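Undergrad: Model the following, please.
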Amino acid sequence: MELYYVRHGETAWSLTGQHTGKTDLPLTPHGEVEARTLHGLLEGVTFDQVFTSPRQRARRTAELAGFDHAVTEPDLAEWDYGDYDGLRMSEIRAQRPTWDIYVDGCPGGESPEQIVARADRLVARWSKSSGRIAAFSHGHFGRVLAARWIGLPLSAAKHFAVNTASYGILDRDPSRDGRARIVQWNITAKRP
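TA: This is a model prediction of the structure:
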C-alpha cells in the first residue's frame, strides 16, 4: 500500500496566509501553473484509486495534474476554521495570543478531536488497501494525516511543512511487518 498525499496549488488566501477552510476559493493563475507541474512529477505513476477533497482548489489541482476522474472524499476537506476562516495568524493571535490550532481547535469550526477522527478514519481505511492511492487535499489536513499515519499525536503535526502543489509518499513497509512510514515529504517541482 502506498499513499501519495498531494496539496492543492496556490490560492489568493494561501498566498496571503489566510486560513482557508470551508471558503471555496479557486486556484490563482500561478496556482494553476503549479498544479500542472504535478502532472510532470507524477507522470508514469499509476494509481489504483484517486481521491480529492470536495473543495474546488483540490479538485482543480487533481484535474490539472491529470486526474479528472478523482472521487470526492469528504474526509479530505481542510480543517474547518469556523470563526477563523479568512483570518491570518496575526489577526487570530491579536484576539488569542496563545492560540494553537492543534490544542485549541477553532471556535465555530472543528476541534482537535474532530480533525483527528477524520484523519484516523482515512488511515484505518487506506491501511487496509493494497495498491497505490492519490489523495488531493490541503495544508493543515495533510499535516494531521501525516502525523496520524505514523502514529504520532496531533501536536506533532505542526512539524510537517506542506507547500502548495507538493506531494508526499506514505506507505506500510512490507519488510517491517507493515510498519507505517513517511517515505518522502513536501516534494515540489522547481517553481516556474
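Undergrad: So what touches the longest strand seen in the chain?
TA: Longest strand in the chain by number of residues (criterion: DSSP state E): strand 179-187. Outside of strand 179-187, the residues within contact range by CB atoms under 8 Å, 6 or more residues apart in numbering are 2, 41, 127, 146, 149-151, 160-163, 166-173. For glycine as for every other residue, the C-beta is placed from the backbone atoms N, C-alpha and C.
Undergrad: could you flag which of those residues are buried?
TA: Buried members of the contacts of strand 179-187, scored by 16 or more other CB atoms under 10 Å, are 2, 41, 146, 149, 160, 162, 166-172.
Undergrad: Out of those, flag the one nearest to Val103.
TA: Phe160 (16.4 Å; CB to CB).
Undergrad: Which residues are in contact with the nearest residue to that closest one once chain neighbours are set aside?
TA: The spatially closest residue to Phe160, leaving aside those adjacent along the chain, is Arg143, at 4.3 Å (CB to CB, 6 or more residues apart in numbering). Taking CB under 8 Å, 6+ apart, we find Arg143 in contact with Ala157, Lys158, Phe160, Val162.
Undergrad: Export those residues as a markdown table, with columns for distance to Glu34 and secondary structure.
TA: Below are the contacts of Arg143 laid out as a markdown table (distance: CB to CB, whole Å; DSSP: H, G, I helix; E, B strand; the rest coil):
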| residue | distance to Glu34 | secondary structure |
| --- | --- | --- |
| Ala157 | 23 | helix |
| Lys158 | 23 | helix |
| Phe160 | 19 | coil |
| Val162 | 13 | coil |
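Undergrad: Out of these, which is nearest to Met89?
TA: Closest to Met89, out of all of the contacts of Arg143 and judged by CB to CB, is Lys158, at 12.1 Å.
Undergrad: what's the neighbour count on Gly139?
TA: A total of 20 residues lie near Gly139 under the criterion other CB atoms under 10 Å.
Undergrad: what's the burial count for Phe37?
TA: One correction, residue 37 is Thr, not Phe. 19.
Undergrad: right, and the helix or strand after the helix or strand hosting it?
TA: Assessed by DSSP states H and E, Thr37 sits inside helix 29-42. Later in the chain than helix 29-42, the nearest helix or strand by DSSP H and E is strand 49-52.
Undergrad: who does that next one pair up with?
TA: strand 71-72 (parallel), strand 132-137 (parallel) (DSSP bridges).
Undergrad: what about the helix or strand that the last one is followed by, average pLDDT?
TA: Right, strand 132-137. On the C-terminal side of strand 132-137, the nearest following helix or strand under DSSP H and E is helix 139-149. The pLDDT scores in helix 139-149 average 98.
Undergrad: With just CA atoms, put helix 139-149 into CSV.
TA: What follows is helix 139-149 as a C-alpha-only set of coordinates in CSV (Å, rounded to 0.1, in the frame of the first residue of the first chain):
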residue,chain,number,x,y,z
GLY,A,139,-2.1,22.0,4.2
HIS,A,140,-3.3,21.6,7.7
PHE,A,141,-5.2,18.4,7.0
GLY,A,142,-2.1,17.0,5.3
ARG,A,143,0.0,17.7,8.4
VAL,A,144,-2.6,15.9,10.6
LEU,A,145,-2.9,12.9,8.2
ALA,A,146,0.9,12.5,8.1
ALA,A,147,1.3,12.6,11.9
ARG,A,148,-1.6,10.2,12.4
TRP,A,149,-0.3,7.9,9.7
